[in-house]
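Colleague: heads up, no residue letters with this:
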């Protein structure tokens, strides 16, 4: 479109680590490691400093710690982006973890995904993608 600038988005998928069994500090550390590598690569090239990042995270059963994980991820993103002089935003998309779901009791899965989605909302994610019943 004429007169409109296109925004760049880079996605960091950390749900792989949650579903593989990583704990919360490992998930945040790996997310920031990915982010740091992207910042290093963008700084070396002539790409605009206006890049928006999207984090795809999985939320596990530890209610209050998952709230803290989302808030810490957003705070650490802001800290790291200020070190590289970037002006982009952080968009966090959350989904319930697949690690603690069962094939035999769907009602338990419904309760688990409800509490996991609620902790994501209270943590301040931008959007939640819940699992099917």
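Modeller: Looks like it arrived, so ask away. Keep in mind that what you see is a predicted model, and the values were worked out from it rather than measured.
Colleague: use CA for all of it now, contacts and neighbours both
Modeller: Will do.
Colleague: tell me how far the residue minimising distance to the centre of the chain lies from residue 110.
Modeller: Nearest to the mean C-alpha position of the chain, by C-alpha atoms, centre = their mean, lies residue 55 at 3.2 Å. Residue 55 sits 24 Å away from residue 110, going by C-alpha to C-alpha, to the nearest Å.
Colleague: residue 70 too?
Modeller: Plainly put, residue 70 is 22 Å away from residue 110 if you go by C-alpha to C-alpha.
Colleague: got it, and residue 79?
Modeller: Relative to residue 110, residue 79 is positioned 36 Å away (criterion: C-alpha to C-alpha).
Colleague: ok, the two, which is more surrounded?
Modeller: residue 110 (16 against 11; other C-alpha atoms under 10 Å).
Colleague: which strand runs longest in the protein?
Modeller: In the chain, taking DSSP state E as the definition, the longest strand is strand 51-59.
Colleague: for that one, packing partners?
Modeller: Using 3 or more C-alpha pairs under 8 Å, 6 or more residues apart in numbering; DSSP states H and E, the elements in contact with strand 51-59 are strand 8-13, helix 15-20, strand 90-96, helix 106-123.
Colleague: what angle do that strand and helix 106-123 make?
Modeller: 140 degrees (axes from the mean of the first three to the mean of the last three C-alpha atoms, to 10 degrees).
Colleague: quick one: mean pLDDT for the next helix-or-strand element following strand 51-59?
Modeller: Following strand 51-59 in sequence order, the next helix or strand is helix 63-83 (DSSP states H and E). Confidence for helix 63-83, expressed as mean pLDDT, is 94.
Colleague: over to stretch 29-36?
Modeller: What stretch 29-36 shows for mean pLDDT is 94.
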